[in-house]
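J.: quick one, structure for this:
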Amino acid sequence: MAGDSSPYHPTSKPSRPSSILFHCKKTNLYSLVIFLCIISYFLGAFQRGGTGPTTSTISPVLKIPCTNPTSVTNTTNLDFNPHHRPTDPTTKSSSETTKTFPPCSANFSEYTPCQDAKRSLRFTRDRLIYRERHCPVEKSEKLKCRVPAPNGYKNPFPWPQSRDLVWYANVPHKELTVEKAVQNWIRYEGDRFRFPGGGTMFPNGADAYIDDIGKLINLEDGSIRTAIDTGCGVASWGAYLLSRNILPISFAPRDTHEAQVQFALERGVPALIGVLASKRLPFPSRAFDMAHCSRCLIPWGQFDGIFLNEVDRVLRPGGYWILSGPPINWKRYWKGWERTKEDLNDEQTTIENVAKSLCWKKLVEKGDIAIWQKPKNHLNCKANRKLTKDRPICKALDPDRAWYTDMETCLSPLPEVSDNEEIAGGGLENWPVRLNFVPPRISKGTVKGVTAETFQQESELWKKRLSYYKAVNSLIGQAGRYRNILDMNAYLGGFAAALTEYPVWVMNIVPVEAKVNTLGVIYERGLIGSYHNWCEAMSTYPRTYDLIHADSVFSLYKDSCEMEDILLEMDRVLRPEGSVIIRDDVDILMKVKSIISRMEWDSQIVDHEDGPLEREKLLFAVKKYWTAPATAES
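T.: Reported below is the predicted structural model:
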């Protein structure tokens, strides 16, 4: 914690202490014998240093339970320091081990490194390329400080209250309350914002708008589970889908309208900063059951339809694309849109032609809503293409490859089928059966080294691990404590699947450095996620997540980038009083603990759920509450 001389300090307010409390029942004789047998490997009682109170609004209480004496698990929390101090000859000097990470200045409170406005000006404005990811490259560009919360920051309202209410101090931007006042997006009410559920194209509210969509396609039988909202605004469409068991990802560029993605995340709605420009979206092919654009201002017909082509890539066979706003229903709105009839008619004609070139079928256009459907497979599409020679099918590029990968205007191929009724890549069960049913990518053997048996074992393993996590951190599973969760190395999505009974959502990250690309499997389970390289910052705002889970992340990146940079990024995206669970080799965790002890985190290393003989250990941590001081923002 910064001292009094620092420009930052914890905000003083009455509350209970947020110290992490570790409890263990008295060890019995049997446990003592086990402990003595392995004392050559472990020494000392595991004691937590610095237990003074810190300011808090919720007191995280982590309990490390003693194990049943009949189990092989050690019952004592142990000090790993004596045997696991870094001895690598390449280890940095003592000055490195005492390095501090001071608070950044207050103007960095909303800093998103890869969407920095000043850096973006170096890039062309054509096709909004300047709004894409452009990350710091030089070491001198990377922050070595901790991004502060704005003064007065409060823990968000618990879900589902957060869908409708956000503290003003957390996202202090009133621009949308003026700019979108007549459209009922957002209202400012004293110390908070209220989100009535309105939108440009749904004046009666997002719920009524979704009801209108539900009259045209089935939103209730579980066949539609994953959805993507392009140009999401404050994500009211996605927010109201969640109550219907449909899981959305909302995205929009940073600051097209001030803080729209930040508002979405503060509301507890899955979102990323993103834009359709020159690079593919960071999702696998065949990911979403439904894609949506409500007056999202994306020029769908321009550039040979490249943006719709990208929607086609991430849309599942038989999936739906929904468009409302210009040019749909232009005969009614053309005067209000201040455009000519000819211009709007040409725009709609171009979109219709692009959709045909993608082999989409237009299902319906009713009122302000138009819906197209992607075919189940490409058999007829290929046959027609031989005659029309329109929009060739891509041959070289992997459809799932999507990290800094250029968009193309050729059609992403679907897996081969034997007849017109077969669903390319395999059919999916309806939600919630889909979650635990063996995904087609696994059953068809397209994920190297992963079988149906592996999948089932992985699912059971994460149920066991979650139970252990809850025994250590009693707040996991408590309604209202955690909402936004990040899994930094998700593999098959087992951690997220084990959490589905709780009111949380999980952003499942598959690192681009992972040996196997499993993100398509995660989507086939009805979960969501993204590709990412953890040597770079996430496309998200500070204070996005309540809980971060990192399984073997530091082992994966030990030769790629600095451990401190990954930890500082975790600190940036973690809310004050947010929690972290890190699984890794004990030597790596000792280095992690050394760094985070200088980052205003309380932490403790505990044994693996299978006992002390496992080299893999777990680190549980809580980020302390602190903010920028009021004087720095005045």
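J.: residue contacts, the nearest residue to residue 121 once chain neighbours are set aside?
T.: Distances taken as C-beta to C-beta, 6 or more residues apart in numbering place residue 130 nearest to residue 121, at 6.8 Å, with adjacent residues excluded. The C-beta positions use only the backbone N, C-alpha and C, and glycine is treated the same way. With contacts defined as C-beta atoms under 8 Å, 6 or more residues apart in numbering, residue 130 is in contact with 120-124.
J.: which ones among those residues map onto helices?
T.: Of these, the ones assigned to helices by DSSP state H are residue 120.
J.: and residue 363, helix, strand or coil?
T.: On the three-state scheme (DSSP: H, G, I helix; E, B strand; the rest coil), residue 363 is labelled strand.
J.: which ones are touching residue 325?
T.: Counting by C-beta under 8 Å, 6+ apart, the residues that residue 325 touches are 200-201, 293-296, 368.
J.: give me the residue at the spatial middle of this protein.
T.: residue 507 (3.2 Å; C-alpha atoms, centre = their mean).
J.: wait, it sits on residue 527?
T.: No. Applying C-beta atoms under 8 Å as the test, residue 507 and residue 527 come out as separate, 9.5 Å apart.
J.: still on that earlier bit, include distance to residue 481, neighbour count and pLDDT when you put the contacts of residue 130 into JSON lines, please.
T.: Shown next, in JSON lines, are those (distance: C-beta to C-beta, whole Å; neighbours: other C-beta atoms under 10 Å; pLDDT from 0 to 100):
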{"residue": "120", "distance to residue 481": "36", "neighbour count": "19", "pLDDT": "91"}
{"residue": "121", "distance to residue 481": "41", "neighbour count": "10", "pLDDT": "90"}
{"residue": "122", "distance to residue 481": "42", "neighbour count": "8", "pLDDT": "92"}
{"residue": "123", "distance to residue 481": "40", "neighbour count": "15", "pLDDT": "95"}
{"residue": "124", "distance to residue 481": "44", "neighbour count": "10", "pLDDT": "94"}
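J.: hang on, the earlier thing: tell me the confidence at the residue nearest to residue 121?
T.: At residue 130, the pLDDT value in this model is 94.
J.: where's it relative to residue 404, distance?
T.: 16 Å (C-beta to C-beta, to the nearest Å).
J.: likewise for residue 410?
T.: 19 Å.
J.: and for the closest residue to residue 449 other than its chain neighbours, the neighbour number?
T.: In space, and not counting its chain neighbours, residue 449 is closest to residue 516: 6.2 Å by C-beta to C-beta, 6+ apart. By other C-beta atoms under 10 Å, the residues close to residue 516 number 13.
J.: I'd say residue 516 and residue 450 touch.
T.: Yes. Proximity of residue 516 to residue 450 meets the contact threshold set by C-beta under 8 Å, at 6.8 Å.
J.: longest helix in the chain, by residue count?
T.: Under DSSP H, the chain gives helix 452-472 as its longest helix.
J.: need the contact partners of that helix.
T.: Here helix 452-472 has contacts from 62-65, 436, 438-439, 442-443, 476-477, 491-492, 494-495, 497-499, 581, 606, 609, 618, 620, using C-beta under 8 Å, 6+ apart.
J.: can you add distance to residue 175 and give the contacts of residue 130 back as CSV?
T.: What follows is these, written out as CSV (distance: C-beta to C-beta, whole Å):
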residue, distance to residue 175
120, 19
121, 21
122, 25
123, 24
124, 26
